[in-house]
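Enquirer: this one's structure only:
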């Protein structure tokens, strides 16, 4: 039986289709039986409380963490064969920023798959890295030691590294965690621009207040999939209640459900 | 065998019995203090301490040798060892606090440099006209065979003192291990308590030098606490267990080494400790390898079974080999992949169960979040019959409402 | 001069090569906060060698290397198993493993002591750099004389070979090593196989430790894995520069340590020679001390 018969047409075309994904640590499920399909060219958020398995879901998709059950397809092909088309932005706090490297060194890491071991890093490689850096407004910092950057700048460097991969699908883990307002705005702009270029983006996101402004699709996750779909359909008070339980007060919920401030309206 | 029995029952002479007792006390002390160090995630600090004793030991040997011609005088040697160990410990602390280097690099640097300097000093000793040089190498791997009664008494007394000190300070240690920041806000002098912990560790290491040797004493501070971890998650119970395990390791090791001439004590004690560890590692019902593997396999099968049954109920094709195998083994699928009658029934049940859980999660999100998320447990095990009846009724209502719509 | 050629040239070259090899690998160990894996592996070379001796009944170099290699592999696997399956913290798992294996080594050694073979714990720890004598090295001409070169101690060729293998490994896998050290998750996402490279790195640490073990003993190996690289870490913020510093420090410690041990006491009128391996390791520690006190990048960067 061929791969194409295993999955639906929608999943075939999708940059990322997850079927029945379960991940467990020991015999405790962290992610349980999750199905999710990202439409092409969408900017999706994964939302859920702490410990809901959001980062684990991403890592299982990327093959960093082992799956207990389930399949992951990239454009209808098993992810193992398609990992070249996926870029990853890990959590900023997951690395030691005291590492002896400069900003450009880190961004050039995004070219890992294009460089064979006998090749030196040439000027055109650096040029590609510099272009990514200028997209996130960091070209002036290229030769700066990474330990000297602020949290927001570090996050932009990570984004630039993923940009050099020029992947169809970019997966970001909490790109807005602990960054300043200016950086948040800059990153959102880059993400929306990527979306306009037809690329697909999937973010773990923790700030419920900005979900409506930033994203067009959402997956509400608390170990299981609670709801998924376009933000207007899935990001409802009922689903949020089911995701967060009593951790959201009724007042918070009503505020989240109000249409976004005209000033914050999506740019497109 | 007979000798071992005599040794086990303390009938092999005053000296041997004293050494056995001293080693048991040492094992208890090492296990207890080691548990706190393990909880503080600094197990290998004792490695640095023990290697750092060598230059002090050698210097004391040289000094005593110059004065009285024979360098072997235990109290001075232990004092010297403690002195350089304290210096090494201080160096580890300073390097990891004041520079960007991690504690691992600090420990490695201190242990190798201090030990190397000790080796240089030993070559100095070899060129001196001091007797008792052979005794010095005993500190590398331990030797209890020729121990004097006075030495055994000293070790036993020190071990007892350490034991009492740990008992007295256990609550403070526990607070610091559990949450140092919180302890600080409660006015606990965490810095000083940390220091006391390390000082006691140092004393254990130093008095263990003569018994197990400087490389193997590290084992006594690490293996029993790690073993205790397999049997309990409660810190104080772990401390007590580690003390018992350490005592047992010391007892078995020392008595075994009395069986034949030339059997080294240190390695036997360590191997006894390791044997206890290994048994726990495999067979502990809580965290043991066998128990975990079994639980993991069982869980994996349950997940596959449930997902397979749901696929059957929804008439979806199944591709996963393990899922197919699990379903076939239960007789839910025929060889050709067609569901059997019991298979259909089980699939219906699973689907129904799944709907009940979904409804429950929807109606009572609060309570549902507290429950197990996998939904693999039969709902009847979690909810009361009344609650299930209500859900069933609602499910029926939903279904009829759905069909009307 | 001929004295130098005969007695000092080979030990000096061996010490320098081993120092540079260990320091090169050490850079990545220090960056990965895995410095102590070198410590653990150096300790377990002893049981490996003893077991191979008991099995083969002789002190053949190849068998001993093989034995030590197997025991290093056993160590790595045991640490991983205890850590993963037992959910024990890494440093504790390391402590359990290497002390137990070392205990096995000591026990077997003492047990076999009666056979009267020269193999003891001290030798394993301190090594015997001074015994690498080049009998044919009677003058500078020996360097061009094939017959004399054939008489070089075999340890020299062995450590040089291992050094070349390590350099080749670091050269080929430089991007894998850097990526895996800095950001293992990202490395896995671009299929840089961080776990595999990790295993290769540790295996090479074992190979270097074993090759050095016979010539210089394990303690100098531990020092050379950590001290030069750690000192270099405090000198610069660039990886290439850090590696260069570590190599310089390794050479400095080896040469100076060897000279001090051999001739130092003579300057003060004592006719003894000290342990060269011990002196070299001590000096590497002193270099690290100096770097801790005055290295331009000694403090962590303020984020």
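Expert: Cool, got the structure. Everything numeric here is computed off the predicted structure, so don't read it as measured data. Numbers count the residues shown, from 1 in each chain, chains lettered A, B, ... in the order given.
Enquirer: does the most centrally placed residue in chain A sit in a helix, a strand or a coil?
Expert: The centroid of chain A falls nearest to residue A:172 when counting by CA atoms, centre = their mean (2.4 Å). Residue A:172 falls in the strand class when you classify it by DSSP: H, G, I helix; E, B strand; the rest coil.
Enquirer: hey, where'd the strands end up in the stretch 101-250 of chain C?
Expert: Per DSSP state E, counting those that start in this stretch, the stretch 101-250 of chain C carries no strands over any range.
Enquirer: residue ranges with poor pLDDT in it?
Expert: In the predicted model of the stretch 101-250 of chain C, residues C:113-127 satisfy pLDDT under 70.
Enquirer: Show me the helices in it, by range?
Expert: Under the criterion DSSP state H, counting those that start in this stretch, the stretch 101-250 of chain C carries helices at the ranges C:121-126, C:146-150, C:154-172, C:174-182, C:184-189, C:194-216, C:218-233, C:239-267.
Enquirer: Comparing those, which comes out most buried?
Expert: helix C:218-233 (a mean of 32; mean count of other CB atoms under 10 Å in any protein chain shown). From N, CA and C alone the C-beta is placed, and that goes for glycine too.
Enquirer: for it, packing partners?
Expert: helix B:103-126, helix C:9-31, helix C:35-56, helix C:121-126, helix C:194-216, helix C:239-267, helix C:276-294 (3 or more CB pairs under 8 Å, 6 or more residues apart in numbering or on different chains; DSSP states H and E).
Enquirer: Could you dump those into JSON lines and include distance to residue B:153?
Expert: Formatted as JSON lines, these follow (distance: least, CB to CB, whole Å):
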{"stretch": "helix B:103-126", "distance to residue B:153": "27"}
{"stretch": "helix C:9-31", "distance to residue B:153": "44"}
{"stretch": "helix C:35-56", "distance to residue B:153": "32"}
{"stretch": "helix C:121-126", "distance to residue B:153": "28"}
{"stretch": "helix C:194-216", "distance to residue B:153": "39"}
{"stretch": "helix C:239-267", "distance to residue B:153": "40"}
{"stretch": "helix C:276-294", "distance to residue B:153": "34"}
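Enquirer: List, one by one, the residues from chain A near chain B.
Expert: Proximity of chain A to chain B (CB under 8 Å from any CB of the partner chain) is limited to residues A:1, A:6, A:20, A:22, A:24, A:26-27, A:29, A:32-33, A:68-69, A:98, A:222-224, A:238, A:241-242, A:245-246.
Enquirer: Mark which of the residues you listed are buried, thanks.
Expert: Buried members of the residues of chain A next to chain B, counted by 16 or more other CB atoms under 10 Å in any protein chain shown: A:6, A:20, A:22, A:24, A:27, A:29, A:32-33, A:68-69, A:98, A:222-224, A:241-242, A:245.
Enquirer: Residue B:8: neighbour count?
Expert: Using other CB atoms under 10 Å in any protein chain shown, residue B:8 has 16 other residues around it.
Enquirer: repeat for residue B:380
Expert: Residues near residue B:380, counting by other CB under 10 Å, number 12.
Enquirer: Over to residue C:298?
Expert: Using other CB under 10 Å, residue C:298 has 18 other residues around it.
Enquirer: looking at this, it is in a helix?
Expert: No: with three-state DSSP as the criterion, residue C:298 is located in coil rather than a helix.
Enquirer: For it, give me its contacts.
Expert: By CB atoms under 8 Å, 6 or more residues apart in numbering or on different chains, the contact set of residue C:298 is B:98-100, C:234, C:291-292.
Enquirer: same thing with residue A:194?
Expert: Contacts for residue A:194 (CB under 8 Å, 6+ apart) come out as A:170, A:201.
Enquirer: Tell me how far it lies from residue A:255.
Expert: 29 Å (CB to CB, to the nearest Å).
Enquirer: cool, and residue A:244?
Expert: Applying CB to CB to residue A:244 and residue A:255 gives a distance of 14 Å.
Enquirer: what's the answer for residue A:137, then?
Expert: Distance of residue A:137 to residue A:255, computed by CB to CB: 31 Å.
Enquirer: swap in residue B:363?
Expert: Relative to residue A:255, residue B:363 is positioned 24 Å away (CB to CB).
Enquirer: higher neighbour count, the two?
Expert: When neighbours are counted by other CB under 10 Å, residue B:363 and residue A:255 differ, and residue B:363 comes out ahead with 15 against 11.
Enquirer: Go ahead and confirm the more buried one touches residue B:391.
Expert: Yes: assessed by CB atoms under 8 Å, residue B:363 is found in contact with residue B:391 at 7.5 Å.
Enquirer: Now narrow the buried ones among the residues of chain A next to chain B to whatever sits close to chain C.
Expert: Restricting these to those near chain C by CB under 8 Å from any CB leaves residue A:98.
Enquirer: Which of the buried ones among the residues of chain A next to chain B fall within strands?
Expert: By the criterion of DSSP state E, membership of these in strands covers A:20, A:22, A:24, A:29, A:32-33, A:69, A:222, A:224.
Enquirer: closest one to residue A:13 among the helices and strands packed on helix C:218-233?
Expert: Among those, helix C:194-216 comes nearest to residue A:13, with 32.3 Å by CB to CB.
Enquirer: Next to chain A, which bits of the stretch 101-250 of chain C? Give me the list.
Expert: C:171-175, C:178-179, C:181-183, C:185-186, C:188-192, C:233, C:236-239, C:241-242.
Enquirer: quick one: contacts for the residue nearest to residue C:208 when sequence neighbours are not counted?
Expert: Nearest non-adjacent residue to residue C:208, counting by CB to CB, 6 or more residues apart in numbering or on different chains: residue C:21, 5.2 Å away. Applying CB under 8 Å, 6+ apart, one finds that residue C:21 lies in contact with C:159, C:162-163, C:166-167, C:208, C:212.
Enquirer: Residue A:187 and residue A:193, how far apart?
Expert: The value you get for residue A:187 to residue A:193, if CB to CB is used, is 11 Å.
Enquirer: same check, this time on residue B:77
Expert: In this view, residue B:77 and residue A:193 are 72 Å apart by CB to CB.
Enquirer: Look up phi and psi at residue A:177.
Expert: Backbone torsions for residue A:177, taken as degrees, to the nearest 10, come to phi -70, psi 120.
Enquirer: What strand or helix carries residue A:255?
Expert: Using DSSP states H and E, residue A:255 sits in helix A:250-257.
Enquirer: got the buried residues for that helix?
Expert: Buried, per 16+ other CB under 10 Å, within helix A:250-257: A:253, A:256.
Enquirer: Show me where chain A has its strands.
Expert: Along chain A, the segments classed as strands by DSSP E run A:16-25, A:28-38, A:43-47, A:69-74, A:77-78, A:86-89, A:169-173, A:200-204, A:217-222, A:224-230.
Enquirer: In a markdown table: the ones you listed, plus mean pLDDT.
Expert: Shown next, in a markdown table, are the strands of chain A (pLDDT from 0 to 100):
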| stretch | mean pLDDT |
| --- | --- |
| strand A:16-25 | 89 |
| strand A:28-38 | 88 |
| strand A:43-47 | 95 |
| strand A:69-74 | 90 |
| strand A:77-78 | 90 |
| strand A:86-89 | 95 |
| strand A:169-173 | 95 |
| strand A:200-204 | 95 |
| strand A:217-222 | 93 |
| strand A:224-230 | 91 |
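Enquirer: Residue A:151: what's it in contact with?
Expert: Per CB under 8 Å, 6+ apart, neighbours of residue A:151: A:92, A:178-180, C:303.
Enquirer: Then residue A:252?
Expert: Contacts of residue A:252 by CB under 8 Å, 6+ apart are residue A:208.
Enquirer: pretty sure residue A:183 is touching residue A:155, no?
Expert: Yes: counting by CB under 8 Å, residue A:183 does reach residue A:155; the two are 6.2 Å apart.
Enquirer: Looking at those two, which is more packed in?
Expert: The neighbour count for residue A:183 versus residue A:155, taken as other CB under 10 Å, is higher for residue A:155 (27 against 22).
Enquirer: I'm done for today, thanks for sticking with me.
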